[in-house]
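I would like to see how this sequence folds:
(chains A, B, C and D)
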Number of protein chains: 2
Amino acid sequence: MNFFEQTGKVAIGSRLRMLTDKVTEDAALIYKLYNIDMQPKWFPVFYSLAQGKEKTITELAKDIGHSHPSVSKIISEMLKKGYVKESKDKTDGRRNVVSLSKKGVEISKEIEDQLIDVNAAIEEISAQSQNKLWEAIGEWEFLLEQKTLLRRVMEKKKERDSLKVEIVAYQPQYQEAFRALNVEWISHYFTMEESDYKALDNPQGYILDKGGIILVALYENEPLGVCALIKMNDGEYDFELAKMAVSPKAQGKNIGFLLASAVVEKAKSLGASKIYLESNTILKPAINLYHKLGFQKVAGKPTPYTRCNIQMELVL
Amino acid sequence: MNFFEQTGKVAIGSRLRMLTDKVTEDAALIYKLYNIDMQPKWFPVFYSLAQGKEKTITELAKDIGHSHPSVSKIISEMLKKGYVKESKDKTDGRRNVVSLSKKGVEISKEIEDQLIDVNAAIEEISAQSQNKLWEAIGEWEFLLEQKTLLRRVMEKKKERDSLKVEIVAYQPQYQEAFRALNVEWISHYFTMEESDYKALDNPQGYILDKGGIILVALYENEPLGVCALIKMNDGEYDFELAKMAVSPKAQGKNIGFLLASAVVEKAKSLGASKIYLESNTILKPAINLYHKLGFQKVAGKPTPYTRCNIQMELVL
DNA sequence: TATATTTGCGTAACTGATTACGTAATTAAT
DNA sequence: ATTAATTACGTAATCAGTTACGCAAATATA
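Okay, here's the model as predicted:
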């Protein structure tokens, strides 16, 4: 089975499962070898109780990392064998307090030799291998605790996707996309206003001819994001960042960030020193993005848009 | 859950299972992230078929390391989704030949990006860890292939047990054990003969007084093995190794080997140069043991025992 | 003090694998 | 040419875990 060499490491899950099976397989036989009447799956519970303290079902579950129904089932099996005893907690009637019975304690003594030998056998394997499995598992547990595999994959996807995103200057062929992408989100969250139609229906006359800029984000040659820089000339600000829109189907591709950064760079290269924008706090991802780019909240500017409830600026 | 630090490595099975679960957990969500309608458990089958060749159920099972019913079930699920197609082999009506359908091939293209990202994410984890999990698993697989965990544990048990075995010289208090242990195996495999009774009922007069030796193996102070060296003086041989018996309940403790080696050493120290023995080939473990000690088959000696069908000697 | 929420835990249903078993097709042996 | 053994594979039962759910007890809140 050279399967794993071909698949690459995606198959690490399958591979782990198979090794787990192989290791577990022998466990039952090992108990038999020592004449111990115990099932491998009982071991964690058994071991946990062998410390001497009595524990509730939930405590045991947390201790050994199983779900509580699993522990519940194991305890009822061990109860049949007479290895444990149950009792209700007097101060809390819900609690089922479990401890090893006399017979259980006897078994736990018998099992000691076995533990020594199994540990020795595993140490022997470890000694013969270059890479330490036990330690490697510990490291993986730690790293996955920090950041799940899903999150890591999402990041990699974003990285790769952003390589496919191309930021280009506006051309008449993108007018339809410029309009549609903006109408989509504006009418979804708010309602279209007079000044929206003016800019979206005639970007050439309303934005570009007045010294503004429009950039388009292409993903596999499809325009999935747009953003405009509108010339302001009010003495304080050079441009307003506006009409920024990214298709919802392009989420997680980092398009918003790439587009906005490109727009800021463009403004810089045109000699701008301050950019202004208006937005609404219900658009959380957008506000976060602006923040990430260095925009700061300001107040006091008059605005023609009723949907505006936050104003921001970026000093270049 | 500091459980694993306390248990020691016996718990490696549990620990592996939990890591497997954690890695597998995210798999379904990852497919969703890429809008791929696929179950994680299908992946190995899918991947194996994506090489392009059509394969039978059993071939697939061998390829991915599952049982054939498992593959059979997976294929029937994938069939419902239309990802694979089946056809009976024309030259062998039992075979169910499976290959990716058109839809399956499409999916396999869509999945490529995902594989890249997952691999990258896993490589990232690997890069952050000192001990390489992937390689460690490979080494374990190899080492367990060579010798199962059960066998390794058995060896450790034997090693530890043989430390508890003590070889001592015969004393009258062991006469009962000497007799019983021998009667046990002789009457089990053969029938007791005249010369057996003579030696067993009166070891002092029949063996020791004639210059012979008897050694006893004690395990936790209980005599569980015996072996005699009977003086021969026939010109060729100095001693006959005979009346060797080990209790069946003491199996796997290496007692036979320890006892026989001690007897051979004893003979050496008495200046012997050749030891003789008689046995029967149905006693395979015994014959193996004699072989291991260096005894070689010889022929031609007359013997009073009807059960003897092999004669051996050891040149010291 | 009454009501809502949380907690402990048992039962039931599900899941992804296995082994056990039966049937049909093929191949080997007498 | 039979008969026996092997092979391919589907179905059923099992296994060790899970999640979903519900009940009762305890705790928090109005």
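
can we go C-alpha only for contacts and neighbour counts from here?
Will do.

for chain B, what are the nearby residues on the stretch 51-200 of chain A?
A:62-65, A:114-115, A:117-123, A:125, A:129-137, A:139-141, A:143, A:148-150, A:152-154, A:156-157, A:160 (Cα under 8 Å from any Cα of the partner chain).

Of those, which belong to helices?
Using DSSP state H, the members of those that fall in helices are A:62-64, A:114-115, A:117-123, A:125, A:133-137, A:139-141, A:143, A:149-150, A:152-154, A:156-157, A:160.

Filter the residues you listed down to just the buried residues.
Among those, those buried by neighbour count (16 or more other Cα atoms under 10 Å in any protein chain shown) are A:63-64, A:114-115, A:117-122, A:125, A:133-137, A:139-141, A:143, A:149-150, A:152-154, A:156-157, A:160.

Report how many residues lie close to the residue of the stretch 1-150 of chain A found nearest DNA strand D.
The stretch 1-150 of chain A approaches DNA strand D most closely through A:Asp92 (3.2 Å), counting by Cα to the nearest atom of the strand. Here the count is done by other Cα atoms under 10 Å in any protein chain shown, and A:Asp92 has 8 residues near it.

now the helices for the stretch 151-300 of chain A?
For the stretch 151-300 of chain A, the helices defined by DSSP state H, counting those that start in this stretch occupy A:175-189, A:194-201, A:203, A:255-269, A:284-293.

Could you export the last one as PDB, CA atoms only?
Extracted C-alpha coordinates of helix A:284-293, given in PDB (Å, rounded to 0.1, in the frame of the first residue of the first chain):
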ATOM      1  CA  LYS A 284     -18.500  45.300  10.300                       C
ATOM      2  CA  PRO A 285     -16.100  43.600   7.900                       C
ATOM      3  CA  ALA A 286     -15.700  46.900   5.900                       C
ATOM      4  CA  ILE A 287     -15.000  48.900   9.100                       C
ATOM      5  CA  ASN A 288     -12.400  46.300  10.200                       C
ATOM      6  CA  LEU A 289     -10.800  46.500   6.800                       C
ATOM      7  CA  TYR A 290     -10.500  50.300   6.900                       C
ATOM      8  CA  HIS A 291      -9.100  50.100  10.400                       C
ATOM      9  CA  LYS A 292      -6.500  47.600   9.200                       C
ATOM     10  CA  LEU A 293      -5.500  50.000   6.500                       C
END
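
quick one: contacts of it?
Here helix A:284-293 makes contact (Cα atoms under 8 Å, 6 or more residues apart in numbering or on different chains) with A:Gly256, A:Phe257, A:Ser261, A:Ser279, A:Asn280, A:Thr281.

Roughly how far does the closest residue to the second one other than its chain neighbours sit from A:Leu258?
For A:Phe257, ignoring the flanking residues on the chain, the nearest one in space by Cα to Cα, 6 or more residues apart in numbering or on different chains is A:Leu289 at 6.7 Å. Summarising the geometry, the distance separating A:Leu289 from A:Leu258, computed by Cα to Cα, to the nearest Å, is 10 Å.

cool, A:Lys158 as well?
Here A:Lys158 is placed at a distance of 11 Å from A:Leu258 (Cα to Cα).

circling back: can you narrow the residues of the stretch 51-200 of chain A next to chain B down to the ones near DNA strand D?
A:Gly65 (Cα under 7 Å from any atom of the strand).

Mind listing residues that contact the strand or helix carrying A:Val45?
Counting by DSSP states H and E, the element that carries A:Val45 is helix A:43-50. If you take Cα under 8 Å, 6+ apart as the criterion, helix A:43-50 is touched by A:55, A:60, A:63-64, A:71, A:74, A:99-100, A:105, A:108, B:3, B:7, B:11, B:14.

Whichever helix or strand comes after that helix near DNA strand D at all?
Sequence order places strand A:55-56 as the next helix or strand after helix A:43-50, per DSSP H and E. No: contact of strand A:55-56 with DNA strand D (Cα under 7 Å from any atom of the strand) is absent, the minimum separation being 13.6 Å.

so, in contact with DNA strand C or not, strand A:55-56?
Yes: using Cα under 7 Å from any atom of the strand, we find that strand A:55-56 touches DNA strand C at A:Thr56.

Which other helices and strands does that strand contact?
In terms of contacts (3 or more Cα pairs under 8 Å, 6 or more residues apart in numbering or on different chains; DSSP states H and E), strand A:55-56 is packed against strand A:96-100.

Next, the contact list for A:Lys102, please.
A:Tyr83.

I misspoke; the intended subject was A:Trp42.
Applying Cα under 8 Å, 6+ apart, the residues near A:Trp42 are A:Ile74, A:Met78.

make it 7 Å
Neighbour list for A:Trp42: A:Ile74 [criterion: Cα atoms under 7 Å, 6 or more residues apart in numbering or on different chains].

got the angle between the longest strand along chain A and helix A:255-269?
Secondary structure of chain A per DSSP state E: the longest strand is strand A:222-231. In terms of direction (axes from the mean of the first three to the mean of the last three Cα atoms, to 10 degrees), strand A:222-231 departs from helix A:255-269 by 40 degrees.

pLDDT-wise, which helix or strand of chain A ranks last?
Sorting the helices and strands of chain A by mean pLDDT, DSSP states H and E puts helix A:3-7 at the bottom, at a mean of 69.
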